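> return a 3D structure for these sequence lines:
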Amino acid sequence: MFIDASKEFTPGKNQNILSAAHIDRIANAHQARADADKFAHVAAAAEIVENDFNLNIPRYVDTFEEPEPIAIVAVQAEIEQFEAELAEVRGKMAEIMKEMLREQRRGCRQGRGQRDALRGRTARAPYGDL
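Residues are numbered from 1 along each chain as shown. As a prediction, this is how the structure comes out:
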């Protein structure tokens, strides 16, 4: 008898926990000695021989679950929406950067004017009162 109880636990911080319900399910499957879909399998000796005496649980208990199909059309529409939003955000960012550059240039011009004014004052009064 093979039982795949790998999902029968409650996650814990440092250690996972087997609840009474988990233990009961495992014990009941063992006592019933019957196949349970994606949980338990009673293997005959011939089946074990056929598997070269490999006792790995996944060889006997198939737990594979088919993934949900992907709605390609919906995903493509979502991607196009994200790309449109991204283009809009990039446009806004470009405007913000242009405005920042304009302000920086204005500040440089004003700073240059102030610097030149100070130079003019210092040229007139090299040791004097600023």
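
> use CA for all of it now, contacts and neighbours both
Will do.

> per-domain residue ranges of the protein.
Listed by automatic domain parsing, the domain ranges of the chain are 2-59, 68-130.

> poorly predicted segments of the protein, please.
Counting by pLDDT under 70, the low-confidence segments of the chain come to 108-130.

> would TSV of the domains of the chain with mean neighbour count be doable?
Converted to TSV, these look like this (neighbours: other CA atoms under 10 Å):
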stretch	mean neighbour count
domain 2-59	13
domain 68-130	11
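
> gap between the residue lying closest to Ile26 once chain neighbours are set aside and Ala20?
In this structure, Ile26 finds its nearest non-sequential neighbour in Ala5, 6.9 Å apart by CA to CA, 6 or more residues apart in numbering. Distance of Ala5 to Ala20, computed by CA to CA, to the nearest Å: 13 Å.

> wait, what's in contact with Met97?
By CA atoms under 8 Å, 6 or more residues apart in numbering, the contact set of Met97 is empty.

> with Phe2 instead?
40-43, 57, 60-61.

> residues in a beta bridge with it, which ones?
For Phe2, the beta-bridge partners are His41 (DSSP bridges).

> which residues of this structure fall in helices?
20-32, 45-50, 72-124 (DSSP state H).

> columns distance to Gly12 on top of the ones you listed, output as TSV?
Output for the helices of the chain, formatted as TSV (distance: least, CA to CA, whole Å):
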stretch	distance to Gly12
helix 20-32	14
helix 45-50	35
helix 72-124	35
